[in-house]
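**Q** Below is the structure, and that's it, no one-letter string:
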C-alpha cells in the first residue's frame, strides 16, 4: 500500500494535475493524465493540501510534497467570496466563482488541509486559516441542525448524514493541534452520526429532524460507501476516546452496510434499506471511493475486535479492487466500474475524483497493517 501511494498515486497527480502558474488542482484529467477541463473544484485545493502535507508529515519528507501544499494554500484566497472567507464549490482556473457551495464542505476540506500544512511548517498564519475555515463550517453546521421543521406533514424536513460525518473527520484532524477545542466537537458529531443508525435498517442518509425513520425513498436511502466511511470515523473515535459504545455501534454499521452494499466483489453506489427499487439510476455502479472506505472499515474492525471475518472480508475486497481499478499503463486508479466490474469510464479525475479517498485509504491501511491506531 505504501509503495503504491508513494511511487504511483502521489507522483501521478504531481506530474499531471498541479497548476503551477495560477495555483490549485486541475480536476479534469483523462486516462493518460492530460487536462481536459480547467474549472476547479475548490474542495480539492484543501483535499490536495491535506494529502500531500500528511504524506510529508507521516511518510516521506519530500520537499516536493510541501511545494504542492503551498500551491494549494496560495490558491484558496483567490477563491474566497468576500471578507468572510467563504469558499465556492467550483471556480474558474483563476479562482473566479462559478458555482456556490450549497454545503460548507469547501471550508471543511480547507480546514484539514491548512491544519496538516501547519503541522508541516509551523507557520502561525496557516493555523489561523485552518481555524477560520473550520469556524465558518461549524457555524453553518450548527445552523443546519437547528432548522425549523416543515409546517407541512406531507413534506417532512430531513437532516442528512453527510454534514455530521464531515464535521467529525474535520474535528479529528484539527484536534491534532488543539485537543481542548476540537475534542468536544468530535464527540458531538459522533453522537449525531449515530442518530442516523436505525437498527434493522442501516445507517441512513436522511432521517427526520428528530432522528426518526422516514418511510419514503429519501428516508430509505443508504449510500453504503458513506455508511462505511462514517462507521470507521466513529470506530476510530471509539478507540481514541476508549468508548465501547462507539466501537460496538460502528461494528454493527459495518455489518449491515456490507450486507446492503456488497455485491459480487464490490460496493454498489446506492440501495434502499427495504429492498425497494433505489431512487438513483447509477445505484449499481461500483465507484472507486466506496471501495476505499470498505477496505478501511473492515481492516480497522479487524484490528479493534480481532475477528477473522473482517480480515477475510478486507483481503477479498482488496484483491477484487486491485485486480480492476489500478491502471498498469498510466498509473493511478480508474474511478467508475459497471456492476460486473468492467470499466465504465477511463477518466482519472473529475469534479469529485482527485487525490483524496484513494491516497487516504492507502495511507491508513498501511498504518493499520503495522498495528497503529488511526489517531
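**A** Nice, thanks for sending it over. All values reported here derive from a predicted model rather than from experimental measurement. Residues are numbered from 1 along each chain as shown.
**Q** The helix or strand encompassing residue 118 - contacts with which helices or strands?
**A** Assigned by DSSP states H and E, residue 118 belongs to helix 105-121. Judged by 3 or more CB pairs under 8 Å, 6 or more residues apart in numbering; DSSP states H and E, helix 105-121 is in contact with helix 43-58, helix 63-79, helix 124-145, helix 161-174. For glycine as for every other residue, the C-beta is placed from the backbone atoms N, C-alpha and C.
**Q** all helices for this protein, in order.
**A** Counting by DSSP state H, the chain has helices at residues 2-4, 10-16, 43-58, 63-79, 105-121, 124-145, 161-174, 179-195, 224-241, 244-261, 288-305, 308-322, 357-369.
**Q** Distance to residue 23, mean pLDDT and mean neighbour count added to those helices, as CSV?
**A** Shown next, in CSV, are the helices of the chain (distance: least, CB to CB, whole Å; pLDDT from 0 to 100; neighbours: other CB atoms under 10 Å):
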stretch, distance to residue 23, mean pLDDT, mean neighbour count
helix 2-4, 27, 97, 14
helix 10-16, 14, 98, 19
helix 43-58, 8, 98, 26
helix 63-79, 3, 98, 19
helix 105-121, 13, 98, 26
helix 124-145, 15, 95, 18
helix 161-174, 22, 97, 24
helix 179-195, 28, 98, 18
helix 224-241, 29, 98, 25
helix 244-261, 37, 98, 20
helix 288-305, 25, 98, 24
helix 308-322, 33, 98, 16
helix 357-369, 20, 98, 22
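**Q** sorry, back to before: and the helix holding residue 118 with helix 63-79, angle?
**A** Angle, helix 105-121 to helix 63-79, by axes from the mean of the first three to the mean of the last three CA atoms, to 10 degrees: 140 degrees.
**Q** what's near enough to touch the spatially most central residue of the chain?
**A** By CA atoms, centre = their mean, the chain has its centre lying nearest to residue 357, at 5.9 Å. By CB atoms under 8 Å, 6 or more residues apart in numbering, the contact list for residue 357 reads 288, 289, 292, 293.
**Q** Just read off the phi/psi values of residue 372.
**A** phi -100, psi 150 (degrees, to the nearest 10).
**Q** What's the separation between the closest residue to residue 311 other than its chain neighbours and residue 29?
**A** The shortest distance from residue 311 to any non-neighbouring residue, by CB to CB, 6 or more residues apart in numbering, is to residue 302 (4.3 Å). The gap separating residue 302 from residue 29 is 34 Å, by CB to CB, to the nearest Å.
**Q** again, but for residue 52
**A** Distance, residue 52 to residue 29, by CB to CB: 16 Å.
**Q** Which one, of the helices of the chain, ends up nearest to residue 341?
**A** For the helices of the chain, proximity to residue 341 was assessed by CB to CB; helix 308-322 is nearest, at 7.4 Å.
**Q** tilt between that closest one and helix 357-369?
**A** Here the directions of helix 308-322 and helix 357-369 differ by 140 degrees (the same axes, to 10 degrees).
**Q** Against which helices or strands is helix 308-322 packed?
**A** Under the contact rule (3+ CB pairs under 8 Å, 6+ apart), helix 308-322 is packed against strand 266-267, helix 288-305.
**Q** Direction included, what does the first one pair up with?
**A** If I follow you right, that is strand 266-267. Neighbouring strands of strand 266-267 in its sheet, by DSSP bridges, are strand 262-263 (antiparallel).
**Q** what's residue 188 in contact with, if anything?
**A** Contacts of residue 188 were listed using CB under 8 Å, 6+ apart, and none were found.
**Q** swap in residue 23?
**A** 71, 72, 74, 75, 78, 95.
**Q** Residue 196 now?
**A** Contacts of residue 196 (CB under 8 Å, 6+ apart): 161, 164, 203, 204, 205, 207, 211, 230.
**Q** Was I right to think the first one contacts residue 197?
**A** No. With the criterion set as CB atoms under 8 Å, residue 161 and residue 197 do not qualify as a contacting pair; they are 9.6 Å apart.
**Q** anything in contact with each of the two?
**A** Common neighbours of residue 161 and residue 197, using CB under 8 Å, 6+ apart, are 203, 204.
**Q** Bridging across strands, which residues link to residue 221?
**A** Assigned bridge partners for residue 221, using DSSP bridges, are residue 272.
**Q** Can you tell me how far it is from residue 215?
**A** Residue 221 is 12 Å from residue 215, by CB to CB.
**Q** Please apply the same query to residue 222.
**A** Taking CB to CB as the measure, residue 222 falls 14 Å from residue 215.
**Q** go on, residue 287?
**A** From residue 287 to residue 215 the distance is 27 Å (CB to CB).
**Q** which of these two has more neighbours?
**A** residue 287 (20 against 9; other CB atoms under 10 Å).
**Q** residue contacts, the more buried one?
**A** When the contact criterion is CB under 8 Å, 6+ apart, the partners of residue 287 are 225, 269, 335, 336, 337.
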